[in-house]
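Undergrad: let's see this in three dimensions:
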Amino acid sequence: MNVIHACQNLWVGCNEIARDMEWRKEHGITAILSVLSDRCVVDDNLITRLRLSPPDGPGFQKWHIDMAVRFLEQMHLVQSRHTLVHCWGGSSRSVAMATTYLYLNQGAAIDPIVPFGDMEHAACKLREIRGVNYTPPHPAFWELCKEYAQNRLDHAEVG
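TA: Residues are numbered from 1 along each chain as shown. Down below sits the predicted model:
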């Protein structure tokens with residue numbers, strides 16, 4: 001199945017893995033970030049979910065990215081919950097969201113399996129590890145992720 005163990009307690013995968021109750025149970029998944037333009041198919045009251053459903057392109061806005069990153073920070077970083085980030089194929093939006101989160105929080109008790117020089121390098125490494133054909137995120141969406149990360153870092157340095 002299409003899944004990456006991105007760092008301790010954080011996985012990036014496809015819709016199929018998100019629906020696989022046995023896999024979720026085996027890995028102790030208790031939080032899921034779904035980045036799908038379709039309806040979410042995970043139906044489990046024991047899972048805390050955030051579903052973002054804008055299209056992979058110009059419909060995505062910075063507040064979507066902010067919600068996703070803050071959800072991951074709360075679930076994974078603060079609460080140490082086993083978290084899955086997924087999109088339909090597990091190679092585009094989910095990788096972009098996980099990369100943005102990991103890039104912003106490197107060194108914050110996160111031990112990613114890839115070194116983070118910059119977001120482009122990190123995303124390439126995550127896709128490489130996944131080992132299947134990769135679909136790049138819509139260029140406007142990926143640029144938005146990079147802008148969001150840079151803005152957060154710039155504001156953190158000022159404050």
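
Undergrad: residue 34 touches residue 49, doesn't it?
TA: Yes. Residue 34 lies in contact with residue 49 (Cβ atoms under 8 Å); the separation is 6.4 Å. Quick note: C-beta positions are derived from backbone N, CA and C, even for glycine.

Undergrad: partner strands of the strand ranked longest in the chain, with direction?
TA: Secondary structure of the chain per DSSP state E: the longest strand is strand 29-35. Using DSSP bridges, strand 29-35 pairs in its sheet with strand 48-52 (parallel), strand 82-86 (parallel).

Undergrad: export the first one as PDB, just CAs?
TA: Presented in PDB, the C-alpha positions along strand 48-52 are these (Å, rounded to 0.1, in the frame of the first residue of the first chain):
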ATOM      1  CA  THR A  48     -10.000  12.800  15.300                       C
ATOM      2  CA  ARG A  49     -10.200  14.000  11.700                       C
ATOM      3  CA  LEU A  50      -9.700  17.200   9.800                       C
ATOM      4  CA  ARG A  51     -10.900  17.100   6.300                       C
ATOM      5  CA  LEU A  52      -9.900  19.800   3.800                       C
END
